[in-house]
Each structure stands twice: as structure tokens, then as C-alpha cells.
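Participant: output the structure for:
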Amino acid sequence: MTHPLPMPSRVAPRGRGAGRLAAATVTALAVLLAGGCALGPGAPGTAPGAAPTAPYGAPRSRPVTPLPRAVVPATALPAEPQALADAMRGVPVVLLGEVHDNAAQHALRADALARLVAAGARPAIAFEQLDRERQADVDRARRERPRDVDWLIAQAAGRDGWDWALYRPFLRLALDNDLPIVAANLSRADASRVIREGYGAAFDAPARAALGLDAVPADLVAAHEREVDLGHCGLMPAAMLAPMARAQLARDAALARAIAPYAGGGVVLLTGNGHARRDLGVARWLPPELRTRTLAVGLLEPAAIASLPPGAFDRVVTTEAAPRSDPCEQLKGRVAPGAASQGR
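Facilitator: As a prediction, this is how the structure comes out:
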């Protein structure tokens, strides 16, 4: 489902074609904010078997500028739970990526985490799927019904669109083994405010200073703008690239801030592959001394491999793709003809 959001007034379109551009912008904003991830297929809030954003290598409506390539390739892991468990063992922070609607990836990750815990690890499990302000609800639900997964979901899963059947095994593992559960993500409402008003709408001054949000590196901003453009098949109005990139950066920063306190005992963040990236995602917002002790794992589908920048992940696991319709065609159907070219 989509949730149209108001456009930032400072980037509102003017003149000829403004109505079509506004419709395109609202649609694109809804695609991002309904699901939380601007990168990769399978974001929540879509119809079954569909995806709002384009996987790497998907057909585009027009050429877009690719990301500059990094220099360090990722190490491939076999799609086997023990191999993944071994890679995570002893690492303070694991950014464990996913394609949100790929059930095979979820099963693989759940099995790997169960093996890790069976071997003695007791990491916190942090969820992109739980908004940060729901931490109190998570803790209350655990006190009220300590082993009841469904009760926890009912009390804490405030944002719609996620397929909680895919995440129940991770919650079950945490409850059965008394592992910390971390509600880590920026809410849709806060992301909307960041788009309209800037980082101060979701982070107070001390948090902005600690995270470095008052001076985001220009190369990181530019890279996220390119990823927003790529992720929306070249259909995003140019005026919206910077505000939407800001929302993605804010999510990465919020996720990093949520997980950093748990690094001493180990923490695994369950998140989309865009957030899990070492070069652009959550790792960029961790303290430098913690960043060097972080493992970024991408769980990718075959179409993503050909254009994957080296250095995006430390480890890569490739699985079969989940069945879904062409995401660019789906997005084109939501955008009025000609709107994407207005204002470029």
C-alpha cells in the first residue's frame, strides 16, 4: 500500500507540467517511505510478488550515472547456514542484508543465527522492521508475555507493510534465548519530516553532532542521490533526489545509533542490502573504531552481482531470486507519462 506525503515546499514544481510532476513525486515518495528502503527489490508495502524499486541490472527508462567503483572486492560465501554462521562468529557488529521479500534468504539467515546462538553467542538482534520509538513497546511486550512472538508483533510492529511471517523466526530465536531485541529504524513519519525539514526534524543537536549529520560528506550525499535515481528507474524528478537521499542517510544514521551500544556483547542488524552496504550504509555512521570491527554481509540475487561495486560488502551470499513482476514497469505505471522528464 502507499501513503502519499506532502511535498517539501522548497522543491515544489512550478509552471508547465507541475501537476504531473507533483503526482510523480508523491508516488515516488510513497514508494520510499512506505517501505523504508530506497535500494533493491522487495520493499514492504507492495502487492504480493511485486517490488517498488529496481534490482541491480534491471531495465531503466533512461541512462543514469552509476556509482564509482570501489577497490576491495567482497568475499563470496556459499549459500549455506554454517558458512554464514562461521563468518559472523566473534564479530561485534554484523550488518546482515536481505532482499525483503526473498523467503529463501530469510530462512538461510535464521538458520545461520540459530547455529551461532547454539555455539554460545548471545548477540542482540536489531530490526530495521521495528521503528526506534517502539523500543518501549518491545520491552513491555516481553515483560507481559515473555515467550509470545505474536503478542510482541501486535504491540510493537507499528508500521504496516512488513511480512512478519518472514521475521517471526528471528523474534522466536531472541525470545527463546533471552537475546536483546532492538527497535532500530527511523519511522516513516520521521523520514517524511526529514525530507521536508532536514535532519533536525528527527535528531536533536547532540545527536546530529555525534553522528556528523551537520556536515555529511559531499561524496556520500552524491552517491545516495545516484542510488535513489537508480532505485527508481530514472523516473524520480530531479528536485526530489536530494530530499529522498537525505531520508535514506537519516535511516542509516538512526540504525547505526541504535546498534552501537550493543557492540560489546555483539549485535546483528537485520536490514535491507542498501543499509547493509559498507561503502554507503549503516557502517558509515558507526564510530571509526567500531567500523573496523563490523562485518557487512549482502544477501543478493543473481541480477545484482553484475553491477555490484567492489567494496559494497565484506561478504556476499547469492541466492535464487524471489518471483516478482518487473519493478520498473510497475513504477512506470504509477507515474504520469512525461512527468519524469519535467524539470531535468
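Participant: report the separation between residue 85 and residue 78.
Facilitator: The spacing between residue 85 and residue 78, counted by C-beta to C-beta, to the nearest Å, is 12 Å. No exception for glycine: its C-beta is placed from N, CA and C like everyone else's.
Participant: now do residue 239
Facilitator: For residue 239, the distance to residue 78 - C-beta to C-beta - is 44 Å.
Participant: show me which of the two is the more surrounded one.
Facilitator: Legend: neighbour count by other C-beta atoms under 10 Å for residue 239 and residue 78, higher for residue 239 (18 against 10).
Participant: quick check: the more buried one is in a helix.
Facilitator: Yes. Read with DSSP: H, G, I helix; E, B strand; the rest coil, residue 239 is one of the residues of a helix.
Participant: model confidence score at it, please.
Facilitator: Looking at residue 239, its pLDDT reads 94.
Participant: and the residue lying closest to residue 211 once chain neighbours are set aside, what is it in contact with?
Facilitator: Of all residues not flanking residue 211 in the chain, residue 253 sits nearest, at 4.9 Å (C-beta to C-beta, 6 or more residues apart in numbering). Taking C-beta atoms under 8 Å, 6 or more residues apart in numbering as the criterion, residue 253 is in contact with 199, 203, 211, 213, 285.
Participant: looking at those residues, which are in helices?
Facilitator: Counted as lying in helices by DSSP state H, out of the contacts of residue 253, are residue 211.
Participant: among the contacts of residue 253, who's most crowded?
Facilitator: That'd be residue 285 among the contacts of residue 253, by other C-beta under 10 Å, with 24 neighbours.
Participant: now distance to residue 106 and pLDDT too, for the contacts of residue 253, in TSV please.
Facilitator: As requested, these are exported to TSV (distance: C-beta to C-beta, whole Å; pLDDT from 0 to 100):
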residue	distance to residue 106	pLDDT
199	32	98
203	30	98
211	29	95
213	31	97
285	25	97
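Participant: of the contacts of residue 253, which is the nearest to residue 94?
Facilitator: residue 285 (15.6 Å; C-beta to C-beta).
Participant: for residue 124, see how far away that closest one is.
Facilitator: 17 Å.
Participant: residue 198 now?
Facilitator: Applying C-beta to C-beta to residue 198 and residue 124 gives a distance of 30 Å.
Participant: repeat for residue 315
Facilitator: The value you get for residue 315 to residue 124, if C-beta to C-beta is used, is 20 Å.
Participant: in the stretch 201-344 of the chain, which spans are helices?
Facilitator: Secondary structure of the stretch 201-344 of the chain (DSSP state H, counting those that start in this stretch): helices located at 205-211, 218-231, 241-259, 273-276, 288-291, 302-305, 327-334.
Participant: out of those, indicate the one that is most buried.
Facilitator: helix 273-276 (a mean of 29; mean count of other C-beta atoms under 10 Å).
Participant: so what does that helix touch, helix or strand wise?
Facilitator: Helix 273-276 is packed against strand 93-96, helix 241-259, strand 294-300, with contacts defined by 3 or more C-beta pairs under 8 Å, 6 or more residues apart in numbering; DSSP states H and E.
Participant: hmm, back to that, mind putting the contacts of residue 253 into JSON lines with distance to residue 331?
Facilitator: Listed next are these as JSON lines, based on distance: C-beta to C-beta, whole Å:
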{"residue": "199", "distance to residue 331": "27"}
{"residue": "203", "distance to residue 331": "30"}
{"residue": "211", "distance to residue 331": "31"}
{"residue": "213", "distance to residue 331": "29"}
{"residue": "285", "distance to residue 331": "28"}
